[in-house]
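Student: Give me the fold of what follows.
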Amino acid sequence: MTGVITASQPSRIAPFTGLSQRSFGKLVTVLRREGADTVGRGRPWSLPLEDRTLLVAAYWRTNLTMRQLALLFSVSKSAADRIIDHLGPMIALRPRRSFDKGTVLIVDGTLVPTRDHTIAEQSKNYRYSTNHQVVIDADTRHVVLVGRLLPGNRNDCRAWEESGGKAAVGATLTIADGGYPGTGLVMPHRCRKAEELPDWKEAHNKSHKQVRARVEHVFARMKNWKILRDCRLKGDGVNHAMLGIARRHNLNLSG
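Tutor: Presented below is the predicted three-dimensional model:
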């Protein structure tokens with residue numbers, strides 16, 4: 001039986017991957033080069049690599065249950081689960097190891113509501129969530145790294161160091177909001193009570209806010225993937241989803 005959704009139908013690619021057909025082809029080529037299509041021991045995959053990639057994207061984008069996803073691709077529920085466990089880590093974004101001179105980065109934390117309470121904690125949104133520190137290139141708006149996931153009750157200034165983000169960016173100029181005191185990041189100026197900021201600081205704050213808004217725009221695009229609104233994956237699954245969606249975001253920007 002042929003699945004309802006297949007990568008052989010170009011009209012299915014953009015709605016379920018957020019990528020153009022060309023960018024989707026690039027992703028499949030990279031995955032094949034990294035060994036995603038290598039035949040190992042045991043039962044061979046029931047779907048070609050293109051359809052498996054589309055299945056993972058469809059799961060992250062729609063947050064359907066495994067039973068629903070299996071019906072769409074005409075595979076068993078356990079097969080759909082294995083495909084996600086196998087391809088999810090391979091699609092994940094690789095952090096940038098070095099930065100060119102003059103690069104400006106922007107960091108902010110985002111919360112992902114997560115049902116696995118062993119890795120999550122109640123956060124300011126009153127839901128069990130995980131905290132993800134996301135760093136983007138201020139010029140290209142590409143995600144350059146996502147820190148290790150942490151419980152959602154970690155404040156950003158603590159999560160910045162614990163997630164590995166601080167060590168990864170090193171001395172590269174990085175912009176942040178006012179939630180990162182004592183981290184050495186470039187934050188907006190604050191005024192004391194009964195005092196007003198001088199004009200030059202007000203102008204700097206305005207410019208800072210306009211540039212830092214770019215990371216919020218990235219979050220808005222990434223949160224179009226419904227898995228980041230209510231993640232049912234356990235353990236590292238939520239982190240793989242976050243990294244995979246970040247990689248797709250970059251591919252979409254690159255065309």
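
Student: can you list the weak-confidence ranges in the chain?
Tutor: 1-3, 39-40, 42, 194 (pLDDT under 70).

Student: how about the helices in it?
Tutor: 13-17, 21-33, 49-62, 66-73, 77-91, 156-162, 165-169, 199-222, 237-254 (DSSP state H).

Student: Mean neighbour count, those helices: which tops it?
Tutor: helix 49-62 (a mean of 23; mean count of other CB atoms under 10 Å). Any C-beta I mention is one placed from the backbone N, CA and C, and that applies to glycine too.

Student: Determine the number of other residues adjacent to the residue nearest to Leu150 when sequence neighbours are not counted.
Tutor: Using CB to CB, 6 or more residues apart in numbering and skipping residues adjacent in sequence, the residue nearest Leu150 is Asn131, 4.6 Å away. Using other CB atoms under 10 Å, Asn131 has 25 other residues around it.

Student: and Val169, what is it in contact with?
Tutor: With contacts defined as CB atoms under 8 Å, 6 or more residues apart in numbering, the neighbours of Val169 are 99, 105, 107, 135, 145.

Student: So which of the residues you listed belong to strands?
Tutor: The strands, defined by DSSP state E, take in 105, 107, 135, 145 from the contacts of Val169.

Student: The first one: what's its closest spatial neighbour, skipping adjacent residues?
Tutor: Distance criterion CB to CB, 6+ apart; nearest residue to Leu105, sequence neighbours excluded, is Thr174 at 4.4 Å.

Student: tell me the domain ranges of the chain?
Tutor: 10-91, 104-234 (automatic domain parsing).

Student: tell me how far the last one is from the chain's mean position?
Tutor: It refers to domain 104-234. 13 Å (CA atoms, centre = their mean, to the nearest Å).

Student: End to end on it, go ahead and measure it.
Tutor: 34 Å (CA to CA, to the nearest Å).

Student: isn't Ile227 right up against Asn63?
Tutor: Yes: checked against CB atoms under 8 Å, the pair Ile227 and Asn63 is within contact range at 4.9 Å.

Student: more neighbours, these two?
Tutor: Ile227 (22 against 19).

Student: what sits against the more buried one?
Tutor: 59-61, 63, 233, 241, 245.

Student: how near is it to Ala203?
Tutor: 40 Å (CB to CB, to the nearest Å).

Student: With His249 instead?
Tutor: 31 Å.

Student: Can you give me the first-to-last residue distance of stretch 169-181?
Tutor: First-to-last residue span, stretch 169-181, CA to CA: 17 Å.

Student: Report the buried residues of stretch 141-148.
Tutor: 141-147 (16 or more other CB atoms under 10 Å).

Student: Just give me the closest of those residues to Arg214.
Tutor: Arg141 (5.7 Å; CB to CB).

Student: wait, doesn't the closest one sit right on Asn252?
Tutor: No: at 10.5 Å, Arg141 does not count as touching Asn252 under the criterion of CB under 8 Å.
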